[in-house]
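> any chance you can model this:
(chains A and B)
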Amino acid sequence: MGGLRGEAAIVGIAEFAPVRRPDRTWMGLEAYAELARLALDDAGFSHDDVDGLMTGHLADSGGLFAPGHLTEYLGIASHFSEVVDLGGATGAGAVLRAAIAIEMGLCETALCIVHTLPRPKNPKGGGPTFRMGAWGSPMGEFDYPFGAIGQNYAYALIANRYAYEFGLTDEQRAKVAVDQRKNAMANPKAVFRDPIDIDDVLNSPVIVDPLHMLEIVMPCFGGAAVVVTSKEKAKRAKHRPAYIIGGGENTTHLSVTYDPSFTETPIKAAADRAFEMAGVKRSDIDLASLYDCYTITVLLTLEDTGFCGKGEAGKFVEEHDLTYRGDFPMNTHGGQLSFGQAGMAGGMSHITEAYLQLTGRAGERQLRRCDTVFVHGNGGLMSEQVSLVLRGE
Amino acid sequence: MPTPITQPFWDGTRQHRLLLQRCEAGHMIFYPRSHCPGCLSNRLEWVEASGKGTLYSYTVARRPTSPDFEHDVPFVIAVVELDEGPRMTSRLVEVDPDAVRIGMRLEVVFDDVTEEITLPYFRPAGT
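Numbers count the residues shown, from 1 in each chain, chains lettered A, B, ... in the order given. Below you'll find the predicted structure:
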């Protein structure tokens, strides 16, 4: 198998603290510009270094022409631009594409930016015209009429099927939320920082059986940016570069109904490829940064990325301390469940945290040793999967 | 809501028949489409399904998943594995949510929601 040669590295990040309600004076394109400024400053790079651009869909202008809008607004020339459309995996997908483009010589320094801050309101009204229920959409026609709408129901279906095949207790799922909250309490940027225990999770209302409110992410607003550059340029970065040494991606479906298996998910192929490419063992990983839209997502990700065997995730989280002080540090920023899920920037938070840990800047929650990190992004309804292996050198 | 490709399915449910597609290689297909997801063949025919299946997974929506379903809660969203092979999204009816078990046998029932659209729901088989 060919693969990344570790010739691209993350050298800078920026992240707005997620907020439950937008409270910023700059929005839309202004937010992209501020994130770009902060991330380049973190790298010690200038705006003239940038020649690549990866982003999610732009809320402005009907979502079209994002690269043109951004290069114009930021005053940059991009030799390689990509609009990444992988839902929650967009952040990891953007960094993977940046690494590929840099290794291929298409560009040398790429900005990966995603945000969910609203654009200024149009006083005349009007908004995006695209809706998933539109004519010709299979989900609109064959899922929505049954009330199968949004994400919650899909992860609940997965949780029930998983429990049927392997057994899983509510307490085991709740442990994930509790440990991540402990991490969030050590992260000043996290939205949810009040202590919770397993009873708090189980006493929160059931939204869709078997998932409780505290097992489900709350939508927030925010944004994040990551600078990826070549090995050569990485040498002059302010902080230790994090080389992208492995990547894998796998998409098999959108509607969960057509997920080939609810319990062995498309995550597996993405993760296996990333680990094989990196030549890294699971036991080499110092931090697991795993997408956590729901507690059940984390359990399946632990199994399908190979940190534990199939059917063993419930026991695994019971037996391991998943906090920054623990024997299996995971989502040390608090995960999206507690840090906050700012749309696609929620997925990016797993990467920004990885870079903070790799560069020794995670404050109170800093790991004693952090050289190799596994990041996983999940989009849609367990649909779009991207794995990355990062190594600080 | 139906497209020219999916119209025969909805014509079928209106007649209280559950129709699937089969490609020339024998792959059974749901939801309706122009090309078989098993082999991309575009030579597909409509066949009537038995209407029997097994519950693959389910969830009980305790809160409406959209304002349209405000008056339905709690309701059971189901993924049904049809005896012919494909899975479909549906809803379980005529069953107490607490009595739902994965693996239970199901049979299709039809709800004439509007003049044009009849939705296929499922209930425990033999009730």
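
> any idea how far residue B:60 lies from residue A:209?
4 Å (Cβ to Cβ, to the nearest Å). Where C-beta positions appear, they are placed from N, C-alpha and C, glycine not excepted.

> overlap of the contact sets of these two?
Residues touching both residue B:60 and residue A:209 by Cβ atoms under 8 Å, 6 or more residues apart in numbering or on different chains: residue B:97.

> okay, residue A:307: pLDDT?
On the pLDDT scale, residue A:307 is placed at 98.

> so it, which of the three states?
Under DSSP: H, G, I helix; E, B strand; the rest coil, the three-state class of residue A:307 is coil.

> give me phi/psi at it?
Backbone torsions of residue A:307, given as degrees, to the nearest 10, read phi -80, psi -20.

> wait, what's in contact with residue B:82?
Here residue B:82 is in contact with B:20, B:28, B:30, B:49, B:50, B:52, B:53, B:88 (Cβ under 8 Å, 6+ apart).

> swap that for residue A:248, sorry
A:269, A:270, A:271, A:272, A:273, A:274, A:275, A:277, A:385, A:386, A:387.

> list buried residues within the contacts of residue B:82.
With burial judged by 16 or more other Cβ atoms under 10 Å in any protein chain shown, the buried subset of those is B:20, B:28, B:30, B:49, B:52, B:53, B:88.

> and the longest strand seen in chain B, what's its mean pLDDT?
For chain B, the longest strand by residue count, based on DSSP state E, is strand B:52-61. For strand B:52-61, mean pLDDT is 97.

> list the buried residues in the next helix or strand after that strand.
Beyond strand B:52-61 on the C-terminal side, the first helix or strand identified by DSSP states H and E is strand B:75-82. By neighbour count on 16+ other Cβ under 10 Å, the buried set for strand B:75-82 is B:75, B:76, B:77, B:78, B:79, B:80, B:81, B:82.

> for the residue nearest the centre of chain A, helix, strand, or coil?
Taking Cα atoms, centre = their mean, the centroid of chain A lies closest to residue A:347, which sits 1.9 Å from it. For residue A:347, the assignment made with three-state DSSP gives helix.

> then the one 4 residues further on?
Remark: residue A:351 carries the secondary structure label helix [criterion: three-state DSSP].

> that one contacts residue A:10, correct?
Yes: with contact defined as Cβ atoms under 8 Å, residue A:351 counts as touching residue A:10 (7.3 Å).

> tell me which of the two has more neighbours.
Each of residue A:351 and residue A:10 has its neighbours counted (other Cβ atoms under 10 Å in any protein chain shown); residue A:10 has more, 32 against 26.

> that one belongs to a strand, doesn't it?
Yes: the assignment for residue A:10 (three-state DSSP) places it in a strand.

> show me the contacts for it.
A:95, A:226, A:227, A:228, A:241, A:242, A:244, A:351, A:355, A:390.

> in TSV: those residues, plus secondary structure, distance to chain B and pLDDT.
Listed next are the contacts of residue A:10 as TSV, based on DSSP: H, G, I helix; E, B strand; the rest coil; distance: Cβ to the nearest Cβ, whole Å; pLDDT from 0 to 100:
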residue	secondary structure	distance to chain B	pLDDT
A:95	helix	30	98
A:226	strand	34	98
A:227	strand	39	98
A:228	strand	35	98
A:241	coil	42	98
A:242	strand	38	98
A:244	strand	33	98
A:351	helix	30	98
A:355	helix	36	98
A:390	strand	35	98
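
> wait, which of the residues you listed is closest to residue A:251?
Comparing these against residue A:251 with Cβ to Cβ places residue A:95 closest, at 16.8 Å.

> strands of chain B, start to end?
B:19-23, B:28-29, B:44-48, B:52-61, B:75-82, B:87-92, B:105-112, B:118-124.

> just chain A next, same as before
For chain A, strands defined by DSSP E occupy the ranges A:8-15, A:52-55, A:80-83, A:109-115, A:206-208, A:211-212, A:223-230, A:242-251, A:287-290, A:372-379, A:384-392.

> which outside residues touch the third one?
The one in question is strand A:80-83. By Cβ under 8 Å, 6+ apart, strand A:80-83 touches A:51-58, A:66-67, A:71, A:94, A:97, A:101, A:106-107, A:110.

> what about 10 Å?
Strand A:80-83 has contacts (Cβ atoms under 10 Å, 6 or more residues apart in numbering or on different chains) with A:51-58, A:63-68, A:70-71, A:90, A:93-94, A:97-98, A:100-102, A:104-108, A:110, A:112.

> just the contacts of residue A:248 that are near chain B?
When the contacts of residue A:248 are checked against chain B using Cβ under 10 Å from any Cβ of the partner chain, none falls in range.

> quick one: residue A:376 from chain B, how far?
23 Å (Cβ to the nearest Cβ, to the nearest Å).

> surely that residue is in contact with residue A:293?
No: judged on Cβ atoms under 10 Å, residue A:376 makes no contact with residue A:293 at a distance of 11.8 Å.

> what about residue 4, how many residues close to it?
If you meant another chain, say so; for now it's chain A. Neighbourhood size, residue A:4 [other Cβ under 10 Å]: 21.

> the chain in question should be chain B.
Residue B:4: 8 surrounding residues under other Cβ under 10 Å.

> ok, back up a step: can I get the buried part of the contacts of strand A:80-83 as one ChimeraX selection?
In ChimeraX syntax, the buried subset of those is picked out as below (16+ other Cβ under 10 Å):
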select /A:51,52,53,54,55,56,57,58,66,67,70,71,90,93,94,97,98,100,101,102,106,107,108,110,112
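
> so who does residue B:93 touch?
B:75, B:76, B:78, B:109, B:111, B:121, B:122, B:123, B:124.

> which residue is the nearest non-sequential neighbour of residue 110?
Since you didn't name a chain, this refers to chain A. In space, and not counting its chain neighbours, residue A:110 is closest to residue A:52: 3.1 Å by Cβ to Cβ, 6 or more residues apart in numbering or on different chains.

> wait, I meant chain B there
Distance criterion Cβ to Cβ, 6+ apart; nearest residue to residue B:110, sequence neighbours excluded, is residue B:16 at 4.5 Å.

> picking that back up, closest one of the contacts of residue A:248 to chain B?
Comparing the contacts of residue A:248 against chain B with Cβ to the nearest Cβ picks out residue A:269 as the nearest, at 17.8 Å.

> in this structure that closest one contacts residue A:387, no?
Yes: with contacts counted by Cβ under 10 Å, residue A:269 reaches residue A:387, the gap being 9.2 Å.

> low pLDDT regions in the chain?
Going with chain A. Filtered on pLDDT under 70, chain A yields the residue ranges A:1, A:24-27, A:59-63, A:117-133.

> look at chain B instead
Residue ranges of chain B with pLDDT under 70: B:127.

> buried set for stretch B:104-112?
B:104, B:106, B:107, B:108, B:109, B:110.

> quick one on the thing from earlier: now, among the contacts of residue B:93, which is nearest to residue A:139?
For those, the nearest to residue A:139 is residue B:78 (15.9 Å; Cβ to Cβ).

> ok, what's across the strand from the closest one?
Beta-bridge partners recorded for residue B:78 (DSSP bridges): residue B:58, residue B:90.

> contact partners for it?
A:146, A:148, A:157, A:257, B:53, B:55-59, B:87-93, B:95, B:100, B:102, B:104, B:106, B:121-122.

> ChimeraX command to pick out the buried ones of these?
Buried residues among the contacts of residue B:78 (16+ other Cβ under 10 Å), as a ChimeraX selection:
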select /A:146,148,157,257 /B:53,55,56,57,58,59,87,88,89,90,91,92,95,100,102,104,106,121,122
